[in-house]
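Undergrad: Build me a model from this:
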Amino acid sequence: MSVSFRAYYEYSSLAEAAYIEWNKLGNRLVDVDGVKEALTNKGIFGGEFTVSQANAFVDRWSVVDHLPNTETGFSSTLFRNADGRYVLAFRGTESFWDDLVVADAGDIVRDGLAMKQI
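TA: As a prediction, this is how the structure comes out:
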C-alpha cells in the first residue's frame, strides 16, 4: 500500500492544526476567515501556517469540534474534509512538565499508558 504525497501533506497539516487553540475562536469555528486567522496568528491562537497554507487548508477542511487542554494536557480536534471524511487529531506533548515529565515519563514509562488521559 502506497501513500501519496498529497495524503502526507494533508495529514501533516492536520497534525499542525491540532495545536491551534481553537477554543479561543468561540462560535467562529464555522467562519472561514476566523479559521484562517487562527491558523496564521501565532500570538493569539498558536497558528504557524502561512497565508497560502491557511487558504489551502480551509478550501479542503473545516473544524467540526475541539476539546481544549484538559487538566492532564489532553486535547483533540475533529476535522471534516470537503468529501465528508472525518479525521480526529490528538495533540502530542505540548508543555515540558505536564505532558513530557508527568504524562509521558511518569505514566507511560512507569505504567505503560497515560492513566489520567484515558
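Undergrad: residues in contact with the residue nearest the centre of the chain?
TA: With distances taken as Cα atoms, centre = their mean, residue 18 lies nearest the centre of the chain, 0.5 Å away. Residue 18 is in contact with 75-77, 89-91, counting by Cβ atoms under 8 Å, 6 or more residues apart in numbering. For every residue, glycine as well, the C-beta is placed using N, CA and C.
Undergrad: Residue 29: which of those residues is nearest?
TA: residue 77 (9.8 Å; Cβ to Cβ).
Undergrad: which phi and psi does residue 15 have?
TA: Main-chain torsions, residue 15, degrees, to the nearest 10: phi -60, psi -40.
Undergrad: Strands along the protein, start to end?
TA: Assignment of strands within the chain using DSSP state E yields the ranges 61-67, 76-81, 86-90.
Undergrad: ok, and what's touching the shortest one?
TA: Think strand 86-90. For strand 86-90, contacts defined as Cβ under 8 Å, 6+ apart pick out 11, 14-15, 17-18, 64, 74-81.
Undergrad: That one versus strand 76-81: what angle between them?
TA: With axes from the mean of the first three to the mean of the last three Cα atoms, to 10 degrees applied, the angle from strand 86-90 to strand 76-81 works out at 150 degrees.
Undergrad: pull the CA atoms of strand 86-90 into PDB?
TA: Output of strand 86-90 as PDB, limited to C-alpha atoms (Å, rounded to 0.1, in the frame of the first residue of the first chain):
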ATOM      1  CA  TYR A  86     -13.600  12.900   9.200                       C
ATOM      2  CA  VAL A  87     -10.200  13.000  10.900                       C
ATOM      3  CA  LEU A  88      -9.700  13.100  14.600                       C
ATOM      4  CA  ALA A  89      -6.400  14.600  15.600                       C
ATOM      5  CA  PHE A  90      -4.800  14.300  19.000                       C
END
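Undergrad: where does the protein have low pLDDT?
TA: Low-confidence segments of the chain (pLDDT under 70): 1, 93-118.
Undergrad: Could you export the strands of the chain as JSON lines, including mean neighbour count and distance to residue 27?
TA: Below are the strands of the chain laid out as JSON lines (neighbours: other Cβ atoms under 10 Å; distance: least, Cβ to Cβ, whole Å):
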{"stretch": "strand 61-67", "mean neighbour count": "16", "distance to residue 27": "12"}
{"stretch": "strand 76-81", "mean neighbour count": "17", "distance to residue 27": "16"}
{"stretch": "strand 86-90", "mean neighbour count": "14", "distance to residue 27": "20"}
